[in-house]
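> What shape does this take:
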Amino acid sequence: MSYPQLLTPEEKLADAKKLLSLPRIVAICGSTRFMTEMTEADLQETKAGKIVVKPGCDMKSPHELGSDPVEAKALKGRLDELHRAKIRLADEVLVVGDYIGESTRAEIAYARKLGKPVRFTHPEVDPNA
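A predicted model of the protein is given here:
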């Protein structure tokens, strides 16, 4: 007697996206120094009919969010986890900018580990190129 295989959470998510007729979802990654470029990429991807998720906070710019170093460090950890969730949700990743720092490099590796296609606005910075 054989039993049906249970779906993985990733398979359930993919099925739900199909049932809901959702367009492709793209997660924008990159250094927050490129927030202006991320906004432009968001516009172009949205114009192409995709749902876009991207960083919502720039911890490098002066803001009250970074005024307490202990709280800022904790917030950075939560934001990193939130962005990994956005990558899990996405169908593909778009890396913006001509510089890849440690955080972005980790996001690229995470996306590739999950089997997500990764595109670059500047392909020459692809760590696998």
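> Downstream of the strand or helix carrying Met38, the next helix or strand is which one?
For Met38, the host element (DSSP states H and E) is helix 35-47. Next in sequence after helix 35-47, counting helices and strands by DSSP H and E, comes strand 51-53.
> quick one: buried residues of stretch 44-56?
45, 50-55 (16 or more other CB atoms under 10 Å). The C-beta positions use only the backbone N, C-alpha and C, and glycine is treated the same way.
> And stretch 19-37, by the same measure?
Quick answer for stretch 19-37 (16+ other CB under 10 Å): 25-32, 34-35, 37.
> Which residue in those residues has the weakest pLDDT?
Of all the buried residues of stretch 19-37, Thr32 carries the smallest pLDDT score, 89.
> if we can go back for a sec, which of the buried residues of stretch 44-56 lies closest to Leu79?
Nearest to Leu79 among the buried residues of stretch 44-56 is Pro55, at 7.4 Å by CB to CB.
> what secondary structure does the closest one sit in?
coil (DSSP: H, G, I helix; E, B strand; the rest coil).
> you'd agree it is up against Ile87?
No. Pro55 is not in contact with Ile87 according to CB atoms under 8 Å; the separation is 11.4 Å.
> So for these two, which residues contact both of them?
Cys29 (CB atoms under 8 Å, 6 or more residues apart in numbering).
> which secondary structure elements does the helix holding Met38 contact?
strand 25-29, strand 51-53 (3 or more CB pairs under 8 Å, 6 or more residues apart in numbering; DSSP states H and E).
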